[in-house]
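# Predicted structure and sequence below. I'll ask about it afterward.
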Amino acid sequence: MPGQADRNAIEIRDVRKVFGSGENPVVALDTVSVPIRENEFFTLLGPSGCGKTTLLRLIAGFDFPTSGEILLYGRDIAPLPPYKRPVNTVFQSYALFPHMTVAQNIAFGLEMLGRPKAETDARVAEMLKLVRMEQLASRRTSQISGGQQQRVALARALAPQPKVLLLDEPLSALDYKLRKEMQIELKRLQHETGITFIFVTHDQEEALTMSDRIAVMSAGRVLQVGAPREIYDSPADRFVADFIGESNFLRAEMAGMNGARARARLASGVEIEARLPEGFSPGESVTVVVRPEHAQLVAADFDSSMPGTIENIVYLGTDTHFHLRLDGGEAFVVRRQNSPNAASTFEKGARVGILIGSTAAQILRD
């Protein structure tokens, strides 16, 4: 029997969701299967219209799958209405009661469940402490800030101790600084409560910051599931590489293979070493992906470097982006972190070389 850490809180099995009928049905989810582990911060990440919110709604019970199963600890909950599922949702709009106090909002769900007053009062006090809102318990939610309202919404959803908490882009209405603070706060709450969090976002930075694992979605399908570093460093395909972070894409031909390594010949004729997923053949047209921070600028005559010309230099505070044009005609960006001793010796218009480490490049199917 698997250990507790290996248990699945939610398991999505071959779920399809089709809206409409007749000649033009809309397939929102196309045979999606994904396990979500107990006590995991799991993120559904993708652009608008990819199906991530539809999947969240199916787990919540606000809609029902056309086919497939949704299991909660092994039990199929797909036919159950929302109130019969031990699952709570935090919405983008928070949906708080403005005429009620912070404490009354948190207590509301417990009262609807018929919990005794003493138990409700104790649980509200516990939740206020958890979200650090004890001093605002008697304040109406219309009189507190957006970040504080978000904490109240979280406390209200956590109060009944659901087995799974669903979060539908709850940070999108906050300003940048507060959003960054709440990312850390959400991860703290998930860790302290031990509840499985399923988080929906289109913001890659949010996903990378908070998640134990991420499912990248596009056009109703899950393209890759993995830890943030795995998805960032080893994207499954071009869409994932392009959607997560910034990437350089270079046209190339396979010039040689050796197990999980390959030589890729670029349009300029330069050959570089790259990581090679399974299923490629010599001579095949491919795309090489390189993250901007994994490349280094060197002198133009440096051995084994790709030659190019600096077209623009953009200073961004924490780092500097060098925009280049390779000799093969393709654009390329090198990102270098700024430090007090990192004065640039490269200027716009300069001829330079680009050095790529042996593990920095990965081959993707063209």
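Okay, I see it.
# Name all residues that make contact with A267.
Shown in contact with A267 (Cβ atoms under 8 Å, 6 or more residues apart in numbering): 250-252, 326, 328-330. Where you see a C-beta, it was placed from the backbone N, CA and C, and this is true even at glycine.
# before we move on, what about D14?
Going by Cβ under 8 Å, 6+ apart, the list of residues near D14 reads 31-33, 67-69.
# Mark which of the contacts of A267 are buried, thanks.
Among the contacts of A267, those buried by neighbour count (16 or more other Cβ atoms under 10 Å) are 250-252, 326, 328, 330.
# Could you dump the residues you listed into a markdown table with secondary structure and distance to Y176 added?
Compiled in a markdown table, the buried ones among the contacts of A267 are given as follows (DSSP: H, G, I helix; E, B strand; the rest coil; distance: Cβ to Cβ, whole Å):
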| residue | secondary structure | distance to Y176 |
| --- | --- | --- |
| L250 | strand | 32 |
| R251 | strand | 36 |
| A252 | strand | 37 |
| L326 | strand | 34 |
| G328 | coil | 38 |
| E330 | coil | 32 |
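# Among those, which pair sits farthest apart?
For the buried ones among the contacts of A267, with distances taken as Cβ to Cβ, the pair at the greatest spread is A252 and L326 (11.7 Å).
# what touches both of the two?
Contact criterion Cβ under 8 Å, 6+ apart; residues shared by A252 and L326: 266-267.
# Now do the helices in the stretch 1-150 of the chain.
Under the criterion DSSP state H, counting those that start in this stretch, the stretch 1-150 of the chain carries helices at the ranges 52-60, 102-112, 117-130, 146-158.
# Select, out of those, the one closest to E273.
Among those, helix 52-60 comes nearest to E273, with 35.9 Å by Cβ to Cβ.
# now, which of the contacts of A267 sits nearest T345?
The closest of those to T345 turns out to be L326 (Cβ to Cβ; 20.0 Å).
# so who does the closest one touch?
Taking Cβ under 8 Å, 6+ apart as the test, what L326 contacts is 250, 266-268, 306-308, 332, 354.
# I'd like the buried ones among the contacts of A267 as TSV, with distance to R37 and pLDDT appended.
Converted to TSV, the buried ones among the contacts of A267 look like this (distance: Cβ to Cβ, whole Å; pLDDT from 0 to 100):
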residue	distance to R37	pLDDT
L250	36	92
R251	39	91
A252	37	89
L326	43	92
G328	44	83
E330	41	91
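# ok, the closest residue to Q337 other than its chain neighbours - how many residues close by?
Using Cβ to Cβ, 6 or more residues apart in numbering and skipping the chain neighbours, the partner closest in space to Q337 is D319 (4.8 Å). Look at D319: counted by other Cβ atoms under 10 Å, it has 15 neighbours.
# I'd like the numbering to begin with 22 instead of 1 from here.
Sure, I'll start counting at 22 from here, so that last one is D340.
# Out of the contacts of A288, which is nearest to F62?
L271 (34.2 Å).
# Help me confirm that that closest one comes into contact with D348.
No. Look at L271 against D348 with Cβ atoms under 8 Å: they stay out of range, at 11.9 Å.
# Can you pull up the most central residue in the protein?
Centroid-nearest residue in the chain: A228, 2.9 Å away (criterion: Cα atoms, centre = their mean).
# could you say which helix or strand contains it?
helix 225-231 (DSSP states H and E).
# Does V335 touch H344 like I think?
Yes. Using Cβ under 8 Å, V335 makes contact with H344 at a distance of 6.9 Å.
# sorry, back to before: let me have the buried ones among the contacts of A288 in TSV, extended by distance to A240.
TSV is the format used below for the buried ones among the contacts of A288 (distance: Cβ to Cβ, whole Å):
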residue	distance to A240
L271	25
R272	24
A273	26
L347	31
G349	31
E351	27
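# and which of these is nearest A381?
L271 (12.1 Å).
# residue contacts, the closest one?
285, 287-288, 308-311, 347, 349, 351, 353.
# and with 7 Å instead?
287, 308-309, 351 (Cβ atoms under 7 Å, 6 or more residues apart in numbering).
# gap between it and S325?
Computed as Cβ to Cβ, to the nearest Å, the L271 to S325 distance reads 16 Å.
# and the gap between K201 and R250?
20 Å.
# Among those two, which residue is more densely surrounded?
It is K201, of K201 and R250, that has more neighbours when counted by other Cβ under 10 Å, with 15 against 9.
# ok, how many other residues are close to the nearest residue to H120 once chain neighbours are set aside?
Excluding the flanking residues, the one nearest H120 by Cβ to Cβ, 6+ apart is R161, at 6.9 Å. Using other Cβ under 10 Å, R161 is surrounded by 16 other residues.
# how close does R161 sit to M154?
To M154, R161 is 13 Å away according to Cβ to Cβ.
# ok so, going back, what residues does the residue nearest to the centre of the chain make contact with?
By Cβ under 7 Å, 6+ apart, the neighbours of A228 are 64, 66, 222, 235, 249.
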